[in-house]
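Asker: Using only what follows, build the 3D model:
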Amino acid sequence: MGQWTANSIWEAELDEYCSQYARMILGTPATPPARSALRVRDSAAPNQRLAAAEPVNSSRRRNRWGSAFLHWLLPHVEASDRFVLYRLVAADLTVLAVICSLLCRFYSGWALSRSAIPIYAVLVTLFGFSEGLYHNTSKEPLTVLMAASFRSVLFALGLVLVAVRGELSALAVLATAVLSFAGLVLVRRLQWFRWKHGASSHDDARRYVLIAGAGPAGRAIARALREDSEPPTIVRGFVDDSLPLSHEVLGRLDDLAWLTRAEFVDEVIVALPKQPDRALDVAEMAYRNHLDIRLVPDLPPGPWPTAGFDHIGPVPIVTLHREPIPSASLFLKRLLDIVGAALGLVLAAPIMAVVALLIPFDSPGPIFYAAERTGLKGSRFRCYKFRSMVTAADRLKEKLRSQNQRQGPIFKLEDDPRITRAGHWLRRYSLDELPQLWNVLRGDMSLVGPRPHPVEEVNRYELHQFRRLDVKPGITGLWQVTARANPSFDLNMHLDLTYIENWSLRLDLRLLLKTVGVLFSPEGA
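Answerer: Numbering: from 1, shown residues only. Down below sits the predicted model:
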């Protein structure tokens, strides 16, 4: 096992050869060369300032301090599960606060005092950690989750009672306990149902796994992950040298690097017992590409129920490497998206009403245009816009492709004959994109990120360019506020990847502010 724990030995040798197919993680460079700041130079636009971020080293240092503090503050969980943990805790705190506040508002005699509500909610979640409420919830029977929820509520109420020294009535204790317990169980089961039935294909927590080795151990792991996993896990397939290629066996072990990019893989599980050399090759390849790695260890026959390993189904497994993911910052980014999109829809409602009246008056056809776009990890979603073109615009696109003024797979005409009179005005101020705030609320998009490209344009990507799809698309981004008039697709791709490597919440806020200025600039949208 010694060779499997020597990740530090790899780093000095392998960083130099980091693959061009490496998975992109927000705020983490995919390639090792250090940069003092985010600066982009392009021969087509030498006078443009394309620097929009803090120095990379200081930003990364702040992220490390923040992650270390949260890791110390919260109970230990696997890195890949932290985003799920934050969501569960936030949901529980919200439900408890809402239930207690409603009781206090309408039935004050049945409720805790207002000052005790936040303390009570935090105590319930803290006891939830000790009672296992936030650990492997999908693998526990409903009765176990109910018992953990009940004990957490009971212990928290007990401490509150001690603090207020009997000022609460028995009716208030009973009502708070019953409704809190019911709310916790209901939220947890709704979350489980949502994951289990794939209600959210764009869910940030969804993970794609590739299994190296299609033998009995690998097949058992695949069955267990498909049947019962949290967060939801998609097994993309196997790589194996001994079995014929099929819809499940996607390639050979040497194909791992490009297959992980083509399938948007987050984790490789190495199930190659009695093949230590090949297993080491696979693990090194996965490490180079910034993938999580777990390994099925060689063990003598036997159930070994108390062995010091995790299990996937009946198979013992050991974690070799977890990529550091800024889960807390990603949670805050999602919170910013929800608050920003909801506020934007409310504030823009009068403008959207005027636009909705103007479009059919200007040209016949629907008010909204919904087109399929490619999002996170290649998922497809319906992207909504106000219609700014004639209704036959999609059919006319191929006829106009020879006049394309953009380089690479994307299509753009400055004087596009398909744009209506109202459409020119809508595009000038990007008002046609206001309905995409609904896409942000749904979770298909983010406020800031690479623009979502049409499916046919993504199909023209080269393999290494799929790294752009490792994050959610956005309404605005680094390219939109710095070089939107530049026809170079390579520059577009470079700016998008640079944004991913240097991402921070501060950068998102700065890009949102810059977007406002760009909308009213002479260049327009």
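
Asker: all strands in the stretch 301-450 of the chain, in order from the N-terminus.
Answerer: Shown for the stretch 301-450 of the chain, the strands assigned by DSSP state E, counting those that start in this stretch span residues 310-312, 315-321, 368-374, 380-386, 446-448.

Asker: Of these, which is nearest residue 331?
Answerer: Among these, the nearest to residue 331 by Cβ to Cβ is strand 446-448 (12.8 Å). (Each C-beta comes from the backbone N, C-alpha and C, glycine too.)

Asker: What pairs with that closest one, parallel or antiparallel?
Answerer: Sheet pairing of strand 446-448 (DSSP bridges) gives strand 474-476 (parallel).

Asker: follow-up on the earlier one: taking the strands of the stretch 301-450 of the chain together, which one is wrapped up most tightly?
Answerer: Looking across the strands of the stretch 301-450 of the chain with neighbours counted as mean count of other Cβ atoms under 10 Å, the highest average goes to strand 446-448: a mean of 27.

Asker: give me the element residue 235 is part of.
Answerer: Using DSSP states H and E, the element containing residue 235 is strand 233-239.

Asker: what does that strand rub up against?
Answerer: Residues outside strand 233-239 that contact it (Cβ atoms under 8 Å, 6 or more residues apart in numbering): 206-214, 218, 222, 225-226, 247-253, 255-256, 259, 263, 265, 282.

Asker: Now list the buried members of those.
Answerer: The neighbour count (16 or more other Cβ atoms under 10 Å) marks 206-214, 218, 222, 225, 249-251, 253, 256, 259, 263, 265, 282 as buried among these.

Asker: so who does the nearest residue to residue 449 once chain neighbours are set aside touch?
Answerer: Spatially, and ignoring its direct neighbours in sequence, residue 449 is nearest to residue 474 (2.7 Å; Cβ to Cβ, 6 or more residues apart in numbering). Residues in contact with residue 474 (Cβ under 8 Å, 6+ apart) are 445, 446, 447, 448, 449, 450, 451.

Asker: how about low-confidence regions in this structure?
Answerer: Where the chain drops to pLDDT under 70, the residues are 1-18, 30-81, 135-141, 165-167, 194-205, 228-231, 300-308, 402, 404-407, 520-525.

Asker: Could you report the neighbour count for residue 327?
Answerer: 23 (other Cβ atoms under 10 Å).

Asker: Looks like it contacts residue 27 (just checking).
Answerer: No. Judged on Cβ atoms under 8 Å, residue 327 makes no contact with residue 27 at a distance of 11.0 Å.

Asker: rewinding a little: who's the residue nearest to residue 449 bridged to?
Answerer: residue 446.

Asker: could you measure it against residue 261, distance?
Answerer: Per Cβ to Cβ, to the nearest Å, residue 474 is found 21 Å from residue 261.

Asker: hang on, the earlier thing: in strands only, show me the contacts of strand 233-239.
Answerer: Taking DSSP state E as the definition of strands, the contacts of strand 233-239 contribute 207, 208, 209, 210, 211, 212, 249, 250, 251.

Asker: can you list those residues in a markdown table and add distance to residue 322?
Answerer: Listed next are the ones in strands among the contacts of strand 233-239 as a markdown table, based on distance: Cβ to Cβ, whole Å:
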| residue | distance to residue 322 |
| --- | --- |
| 207 | 12 |
| 208 | 16 |
| 209 | 14 |
| 210 | 16 |
| 211 | 17 |
| 212 | 17 |
| 249 | 27 |
| 250 | 24 |
| 251 | 25 |
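
Asker: Distance-wise, check residue 150 relative to residue 143.
Answerer: Counting by Cβ to Cβ, the gap from residue 150 to residue 143 is 10 Å.
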